[in-house]
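Colleague: any chance you could fold what I've pasted below:
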Amino acid sequence: MSLLPCSIAFIGTGIMGSSMAKHLITNGHPLHVHNRTREKAEALLERGAIWHDTPESAANATDVVITMLGLPSDVEQVYFGKTAGGGVIEAAKSGSLLIDMTTSSPRLAERISIAAKERNIDALDAPVSGGDVGARNKSLVVMVGGGDEAFHRGLPLLKLMGQSVTRLGPAGSGQRCKLSNQVAVAIGMVAWCEALAVAKASSLDPLVVQDVIRGGAAGSWGLNNLAPRALNKDFEPGFLVRHLVKDIRLAQEEADLQGLRLPGLEVAQKLYELLGKLGYGEAGTQVLFYHYETNRGAG
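Modeller: The predicted structure follows:
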């Protein structure tokens, strides 16, 4: 079942959400927006988006609700509500589609799906990978959990934001796939930072080394996209340190439930939690290279 065109509520217009929402309104979808800070939605309002003071108001006015938030606690509050509005699930119209694109808890995604179904509402968990670059370029990788019918309803919209959209299974499966992705991301960040730290300590130009090794077996998205920023001392966030700390903790929780020990992830967690304690929680994750460049200890 196609949802083109349809009215969409987009809740969470931050670093990635603003670009993702822009692709939807550019493709002709009436857009309703809410964000904790209205200023971050101004560019969308200038394009014709309609502002709502609450998530519930936006959900009640639209056919589809898309959320791109920061923490699982934010997701829980928006969907289940702690105010008189009752949350998005309570406010959304029967027959609506809810798509949470936040990296969040698989069990919370399952709760949302169950509660939505009780109100004849479809729900998908659809976290993404690709950072601010992927959000701007419509090249995100979208990992989806939920029913097959709901997936096909949402697919045309998800394709406007991502180059790859894959359903992994029932509710919570998208989040579980994203946590696997974040294990690779977190450990990979440590890998390229240490590689370039060795190059610099060896009196090589790390920018040249980065350009050389990215085409070989050591190549990765982080090495290609984040290492040049770090080497140019650009620590502006495409993805926040504090959000990666959150994702690592969620991945560790999932591993614990499965009886897995992930020593590589434990190292990454120690380093990124240290960065948070040093005051870099709002910096981009590539700030980890600064840790090596300044010879700070791991704790």
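Colleague: pull out the buried positions in the lengthiest strand in the chain.
Modeller: In the chain, assigned by DSSP state E, the strand with the most residues is strand 162-169. Using 16 or more other C-beta atoms under 10 Å as the test for burial, strand 162-169 gives G162, V165, R167, L168. Just so you know, the C-beta spots here come from the backbone N, C-alpha and C atoms, and that holds for glycine as well.
Colleague: L244 versus G222, what's the distance?
Modeller: From G222 across to L244, the span is 11 Å (C-beta to C-beta, to the nearest Å).
Colleague: between these two, which contacts overlap?
Modeller: Residues touching both G222 and L244 comprise V185, M189, with contact defined as C-beta atoms under 8 Å, 6 or more residues apart in numbering.
Colleague: re the thing from before, quick one: distance of the longest strand of the chain to the chain centre.
Modeller: Its chain's C-alpha centre and that of strand 162-169 lie 14 Å apart, by C-alpha atoms, centre = their mean, to the nearest Å.
Colleague: contacts for that strand, please.
Modeller: 128, 130, 134, 138-146, 148, 151, 155, 158-159, 173-174, 176-177.
Colleague: quick check on those residues: which are buried?
Modeller: Among the contacts of strand 162-169, those buried by neighbour count (16+ other C-beta under 10 Å) are 128, 130, 134, 138, 140-146, 151, 155, 158, 173-174, 176-177.
Colleague: those in strands, which ones?
Modeller: Those of the buried ones among the contacts of strand 162-169 lying in strands (DSSP E): V128, L140, V141, V142, M143, V144, G145.
Colleague: in this protein, where's the longest helix?
Modeller: Longest helix in the chain, counting residues (DSSP state H): helix 173-201.
Colleague: let me know how buried the nearest residue to I121 once chain neighbours are set aside is, in neighbour terms.
Modeller: Using C-beta to C-beta, 6 or more residues apart in numbering and skipping the chain neighbours, the partner closest in space to I121 is S96 (5.0 Å). For S96, the count of nearby residues is 23 (other C-beta atoms under 10 Å).
Colleague: what backbone torsions are found at S96?
Modeller: For S96, the backbone dihedrals (degrees, to the nearest 10) come out as phi -70, psi 170.
Colleague: now do I50
Modeller: The phi/psi pair for I50 (degrees, to the nearest 10) is phi -100, psi 130.
Colleague: for it, give me its contacts.
Modeller: I50 touches P30, L31, H32, V33, A61, counting by C-beta under 8 Å, 6+ apart.
Colleague: quick one on the thing from earlier: what is the mean pLDDT for the longest strand of the chain?
Modeller: When pLDDT is averaged over strand 162-169, the result is 98.
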